[in-house]
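In: Predicted model follows, preceded by the sequence.
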Amino acid sequence: MGIERLLEKASAYIKEPDLPRIREAYDFAEQAHHGQLRKSGEPYILHPLAVADIVVGMQMDILSIIAALLHDVVEDTTVSLKEIENQFGMECALLVDGLTKLERIKFRSKEEQQNENYRKMFIAMAQDIRVIVIKLADRLHNMRTLKYQSEESQRRIAYETLEIFCPIANRLGISAIKWEMEDIALRYLNPQQYYRIANLMRKKRAEREEYIANVIARIKEKLEEMGVEADLLGRPKHIYSVYKKMTTKNKQFNEIYDLLAIRIIVNNIKDCYATLGIIHTLWKPMPGRFKDYIAMPKANMYQSLHTTVVGPNGEPTEVQIRTWEMHRTAEYGIAAHWAYKEGNYAGGPENRMTFFNEILELQHEAKDASEFVESLKMDFFTDLVFVFTPSGEVIELPAGSVPLDFAYRIHTEVGNRTIGAKVNGRIVPLDCKLKTGDIVEILTSKHSYGPSQDWLKIAQSSHARSKIKQWFKKEKREENIEKGREAIERELKRAGIDSSLWMTDDKLLDAAKKYSFNDIDDMLSAIGFGGITAAQICTKLTEKLRKEQEESSNSIELTSEIKEVKPAPETRKPRPTNGVVVKGIDNLLVRFARCCNPVPGDDIIGYITRGRGVSVHRSDCPNIPHDGDGEEAERIIEVEWVGEIEANYSVDIEITGHDRRNFLNEVLQAVSESKTNISAVSGRSDKNKMALVHMTILIRNTDHLQSVVEKIKRVKDVYTVHRIIQ
């Protein structure tokens, strides 16, 4: 392969005026790599030339060809990215940068360096898919020349190819590269099995070719009778595919059904189904061996009809039927739909493949490159299941996923508010394994208290687990910050000090720095979870005031532990015994609605009843006519909590979890440990071992309720805890 042959091959689809740019890139790369040799002893320029040839074979755009020729110049020569940008443009420089390893940065280990390289490559891939297409071409040529590497390097590179690059090629639907890399990798990782299978296939080759020729002739005759134009060919089975079926399904070579395979390529979808009917009239189809990937394409856009029939002589024979466009997609995947040819990046096929966005999301959530790569392997390089939403939308998930993974894939808020799930119309536990074809419906409640710690064990996808961890981190932090702020305000109030004068940003930041916190929120969060006391912070806040008071011999003495000082008496409305007042109206009868059981801390609203005073509801209570008008709208009035409230309030909660011995006892023990009274409890379980517990507890306010909920959520096998509105 020389530059002239590459240009001739590219001229089949690249416009004539653009061809000199390819030669310019070749000349630039040849000069940069001048004097460099590969381990085979050949000039180094032959490698980028071979990579560009593979890229041209997939009919990638002009910039992809140029980047393929230049992909090693920054990494292996003194050429800088700036030089690439100046001569070939910023877009080309970005492609080359995405293909360049992080060789010049010092890492603690070879593994850390490799993971960082992967992360860099995946992020570049998610931003511009051409990066990974060129990288796959680069890896394919390196695999073809693997014989020149040491035995240790051969095994390492082959393993890395099987673990990382073959799954990427599969996910992008580029089977032409995937199959070849898998076969080469197997040859170096397990040469004994590779050559054994190759010999077995070679021995039966003549017999197989004769059989295939007879079957093709029979099909062609029938297709001509029906007026269907088609190309028929025998499909060679790849060695790695046979090896994988033998090992994963524990089968012998002669038990592999689809060693004999025929591919039929027709002009349109109508002919695909007509051909399928002809095949099934010629030979009996094998049960459970038909797949319609035209009606339901794979995630990598693969489309085809697959059927296995009992052919002549009782031989199982696989038949694949597709159009020419589908065939190109099957061979080159996302590259077959390349939008860059029309200069339309935004509408590219990658927009239909959601995992690109998920890669970028995962990058922000992973704490380091190792976690990022492991999460990618878990979510994107495993087998997939395809399930449906109730509206018929197809959702792809890693094999082994459960309803929680489905919920978080739909939307983070759907996941956080999950209280149950239905699969194919039946309620199932949250740890139920999903299968391809399942119709999944997530049951949610806005009164849910969010994920349980057990969800981290139940969720199978790293996407769901990272969202759950994110919730705990965010929710707890915000809650603790608020608790910390309230604690400081209470301490200052106890000392008779106006908190508005002392809780300014500059004073709080000064106190935070004295206790070595990065910012105010870190300090407040630490107070909220008990890492430091509010009294300690108040001491720092009022340090200057204390000194002034000591100097003036003021009678009020502030110590490091601020003493309680009764606030000055002030004029206020008499506090009602139930802790609620109606704004602007005195002495109205107030009662709490049983449907939603509001407690101090809830947003509340009043509703004037006929003859029973004001009924106080939670603001989100569905029994309040929020969108009413006329007389109904006039019954809605504003109410508010006032004063320090000592009363207990009834709250109904529902707990779901996995039914097991002592489950209910442990839930009751958790409530008891929080010093909370239970006024009613009932429970049941179904045949799916789903436990459902209804409980009425007496609590003081929403903070008290939240602490009880957190205690319950820490009980093993608890799935959800949410508040009930009747």
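Out: Everything's here; your move. Predicted, not measured: the structure shown is a model, and the values here were computed from it.

In: Only C-alpha atoms from now on, for both contacts and neighbour counts.
Out: Noted.

In: Against residue 451, how distant is the residue nearest to residue 290 when sequence neighbours are not counted?
Out: In space, not counting the residues next to it along the chain, residue 290 is nearest to residue 307; the distance is 4.4 Å by Cα to Cα, 6 or more residues apart in numbering. The gap separating residue 307 from residue 451 is 44 Å, by Cα to Cα, to the nearest Å.

In: which of these two has more neighbours?
Out: residue 451 (24 against 21; other Cα atoms under 10 Å).

In: While we're on the residue nearest to residue 290, how confident is the model there?
Out: As predicted, residue 307 sits at a pLDDT of 92.

In: element containing it?
Out: strand 305-310 (DSSP states H and E).

In: Please name every helix or strand in contact with the helix or strand following that strand.
Out: Per DSSP H and E, the first helix or strand lying C-terminal to strand 305-310 is strand 316-323. Secondary structure elements in contact with strand 316-323, counted by 3 or more Cα pairs under 8 Å, 6 or more residues apart in numbering; DSSP states H and E, are strand 261-266, helix 269-282, strand 305-310.

In: In TSV, list those along with distance to residue 6.
Out: Output for the helices and strands packed on strand 316-323, formatted as TSV (distance: least, Cα to Cα, whole Å):
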stretch	distance to residue 6
strand 261-266	28
helix 269-282	35
strand 305-310	35
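
In: Now do the SS call for residue 719.
Out: Secondary structure assignment for residue 719 (DSSP: H, G, I helix; E, B strand; the rest coil): strand.

In: Now do it against residue 703, distance only.
Out: 21 Å.

In: same deal with residue 458?
Out: Following Cα to Cα, the distance that separates residue 458 from residue 703 is 28 Å.

In: When these two are compared, which one has more neighbours?
Out: More neighbours sit around residue 458 than around the other of residue 458 and residue 703, counting by other Cα under 10 Å; the figures are 20 against 16.

In: Wait, the more buried one touches residue 430, no?
Out: Yes: in this structure, residue 458 sits in contact with residue 430. The criterion is Cα atoms under 8 Å, and the distance is 7.4 Å.

In: so what's in contact with those two at the same time?
Out: Applying Cα atoms under 8 Å, 6 or more residues apart in numbering, one finds that residue 458 and residue 430 are jointly contacted by 402, 404.

In: so what pLDDT did residue 375 get?
Out: 59.

In: tell me which strands and helices the one helix or strand residue 206 maps to is in contact with?
Out: Here residue 206 is covered by helix 205-226, with elements defined by DSSP H and E. For helix 205-226, the helices and strands in contact under the criterion 3+ Cα pairs under 8 Å, 6+ apart are strand 230-234, strand 261-266, helix 269-282.

In: list the helices and strands the last one packs on?
Out: Right, the one you point to is helix 269-282. Using 3+ Cα pairs under 8 Å, 6+ apart as the contact criterion, the neighbours of helix 269-282 among helices and strands are helix 205-226, strand 305-310, strand 316-323.

In: Dump those into JSON lines; add distance to residue 54 as well.
Out: As requested, these are arranged in JSON lines below (distance: least, Cα to Cα, whole Å):
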{"stretch": "helix 205-226", "distance to residue 54": "29"}
{"stretch": "strand 305-310", "distance to residue 54": "28"}
{"stretch": "strand 316-323", "distance to residue 54": "23"}
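
In: ok, and which of those has the densest surroundings?
Out: strand 316-323 (a mean of 23; mean count of other Cα atoms under 10 Å).

In: average model confidence for that one?
Out: Model confidence over strand 316-323 averages 90 on the pLDDT scale.

In: Please list the residues outside the next helix or strand after that strand that contact it.
Out: Beyond strand 316-323 in the direction of the C-terminus, DSSP H and E gives the next helix or strand as helix 324-332. Residues outside helix 324-332 that contact it (Cα under 8 Å, 6+ apart): 58, 173-176, 265-267, 301-304, 335-337.

In: repeat that for 10 Å
Out: Counting contacts by Cα atoms under 10 Å, 6 or more residues apart in numbering, the residues outside helix 324-332 that touch it are 57-59, 133, 169, 172-179, 230-231, 263-269, 294, 300-304, 321-323, 333-337.

In: Tell me the gap between that helix and the middle of its chain.
Out: Relative to its chain's centre, helix 324-332 lies at 28 Å (Cα atoms, centre = their mean, to the nearest Å).

In: what do you get for stretch 295-305?
Out: Centroid separation between stretch 295-305 and its chain, computed with Cα atoms, centre = their mean, is 22 Å.

In: and if you look at stretch 454-466?
Out: Taking mean C-alpha positions (Cα atoms, centre = their mean), stretch 454-466 and its chain are 10 Å apart.
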